[in-house]
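Asker: Everything below, folded, please.
(chains A and B)
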Amino acid sequence: MDSSAAFLEFVRAHGDKAYNFAFRLAGNEADARDLVQEALARAYEHRDDYDPERPFDSWLLRILQNIFLDGVRRLERRHTVSLDQPAPGSESSWEELLPERAPGPEDVMIRRETDALVQRALNSLPVHYRSAVILSDMEGCSYERIAAIMDCPLGTVRSRIHQGRALMRKAFETFDGGRPA
Amino acid sequence: MNEREASDLLSAYLDGELTAAERSSMDGHLRLCGECRAELESLSRVKALTHAAPRKAMPADMVARLERRVRGESWWSRLMPAPRLRWAGAAALAGLCAAALWHARAAREEETLPLEALLAAHSRSTAENLVPTDLVASNFSAQLAAYYEAD
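Answerer: Now for the predicted structure:
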């Protein structure tokens, strides 16, 4: 298998993970597309630097996160969210959106509500906490892998995930009408 | 382990990311501390809700565009999307190239002077003295004339 075919195999296997990470980081489809395309282009350009002993997805997500951080000021301007005011028109407590408490016939609506609420909460987090929470709670990455992607020590990963969850809870409460957790 | 230390480690405890010693110490603390048990439960709900958000899949057009880019098939594949069309297009292109080559070769042959006929004409002209040498300006002709006169 030549290098371009191998590269496409990796993209097919890990493209969705990269796209989900990009979408949750950036908060919208247009920026997610740009991020993923740029990350894949850079990964392909530097494919000879990739160490096959290490996970390809971690390498790709690290490139993607660095691109995002480079452009974070531009992106953050579009997604400034205030935690001071609760979201109007919210129908249910954020805790009622948890899957085990959601009744079957309302699944689609609840998934939509969950999607919007989680994205809004993520958008309100400082970028390093946001990355840590996405990688941990959405992608299910181990702390060791998160440390490799974010290029920081394990202790920092622990702290960012813990602080990130506390901020997510505050955001859920705020956007959900101020109900306490 | 005091309250502050335990609180800072709750997320790592929830994720199973503590060392054996830390976990043992945390287990002991949680048996005694209702506040930390409540905080652990709250963090667990936050994690569960974040995890419940639907995953976003990479749009199909992005994958297709990337494949074209990596394989360098862009213009030809876009012009001829169906494999049968691609073969027909390739055959037509090959035919055009062959016709162009044949035409170029024929044109080159027309421009080529027939060397043997020219040499024969030159020999005849010289032998029969068809062109008076005093009318020919080139030095080469003068040399030829001198050569024949010497004979």
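Asker: use CA for all of it now, contacts and neighbours both
Answerer: OK.
Asker: how about the residues of chain A near chain B?
Answerer: A:4, A:8, A:12, A:15-17, A:19-20, A:23, A:33, A:37, A:95, A:97-99, A:111, A:114-115, A:118, A:137-138, A:142-143, A:158-159, A:161-162, A:165-166, A:168-169, A:181 (Cα under 8 Å from any Cα of the partner chain).
Asker: Just the buried residues of these.
Answerer: Buried members of the residues of chain A next to chain B, scored by 16 or more other Cα atoms under 10 Å in any protein chain shown, are A:8, A:15-17, A:19-20, A:23, A:33, A:37, A:95, A:97-99, A:111, A:114-115, A:118, A:137-138, A:142-143, A:158-159, A:161-162, A:165-166, A:168-169, A:181.
Asker: who's in contact with the lengthiest helix in chain A?
Answerer: Secondary structure assigned by DSSP state H gives helix A:3-26 as the longest helix of chain A. Helix A:3-26 is touched from outside by A:29, A:31-33, A:35-36, A:44, A:56-57, A:60-61, A:64-65, A:68, A:75, A:119, A:122-123, A:127, A:130-131, A:134-135, A:139, B:55-58, B:63, B:67, B:70-71, with contacts defined as Cα atoms under 8 Å, 6 or more residues apart in numbering or on different chains.
Asker: Try it again at 7 Å.
Answerer: Residues outside helix A:3-26 that contact it (Cα atoms under 7 Å, 6 or more residues apart in numbering or on different chains) are A:29, A:32, A:35-36, A:57, A:61, A:75, A:119, A:130-131, A:134, B:55-58, B:67, B:70-71.
Asker: quick one, helices of chain A?
Answerer: With helices called from DSSP H, chain A shows them at A:3-26, A:29-45, A:56-70, A:72-78, A:107-123, A:127-133, A:143-150, A:154-175.
Asker: Now the last one - C-alpha only, PDB.
Answerer: Taking C-alpha atoms only, helix A:154-175 is exported to PDB below (Å, rounded to 0.1, in the frame of the first residue of the first chain):
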ATOM      1  CA  LEU A 154      -0.900  14.700  33.400                       C
ATOM      2  CA  GLY A 155      -1.400  16.900  36.400                       C
ATOM      3  CA  THR A 156      -2.500  19.700  34.100                       C
ATOM      4  CA  VAL A 157      -4.900  17.300  32.300                       C
ATOM      5  CA  ARG A 158      -6.500  16.300  35.600                       C
ATOM      6  CA  SER A 159      -6.900  19.900  36.600                       C
ATOM      7  CA  ARG A 160      -8.400  21.000  33.300                       C
ATOM      8  CA  ILE A 161     -10.900  18.200  33.200                       C
ATOM      9  CA  HIS A 162     -12.000  18.900  36.700                       C
ATOM     10  CA  GLN A 163     -12.300  22.600  36.300                       C
ATOM     11  CA  GLY A 164     -13.900  22.100  32.900                       C
ATOM     12  CA  ARG A 165     -16.600  20.000  34.300                       C
ATOM     13  CA  ALA A 166     -17.300  22.500  37.100                       C
ATOM     14  CA  LEU A 167     -17.600  25.200  34.400                       C
ATOM     15  CA  MET A 168     -19.900  23.000  32.300                       C
ATOM     16  CA  ARG A 169     -22.100  22.500  35.300                       C
ATOM     17  CA  LYS A 170     -22.300  26.200  35.900                       C
ATOM     18  CA  ALA A 171     -23.100  26.700  32.200                       C
ATOM     19  CA  PHE A 172     -25.800  24.000  32.200                       C
ATOM     20  CA  GLU A 173     -27.400  25.600  35.200                       C
ATOM     21  CA  THR A 174     -27.300  29.100  33.700                       C
ATOM     22  CA  PHE A 175     -28.500  28.200  30.200                       C
END
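Asker: about what we covered before: okay, the helices of chain A, which one's buried deepest?
Answerer: Each of the helices of chain A was scored by mean neighbour count; the highest is helix A:127-133, a mean of 23, by mean count of other Cα atoms under 10 Å in any protein chain shown.
Asker: so where's the chain shaky on pLDDT?
Answerer: Assuming you mean chain A. A:1-2, A:73-105, A:177-181 (pLDDT under 70).
Asker: meant chain B actually
Answerer: B:73-87, B:89, B:109-114, B:129-148, B:150-151.
Asker: Now do the domain split for it, please.
Answerer: B:3-52, B:115-150 (automatic domain parsing).
Asker: Spell out the residue ranges of the helices in chain B.
Answerer: Under DSSP H, chain B gives helices at B:3-8, B:10-14, B:20-32, B:34-52, B:60-71, B:74-79, B:83-111, B:115-127, B:139-150.
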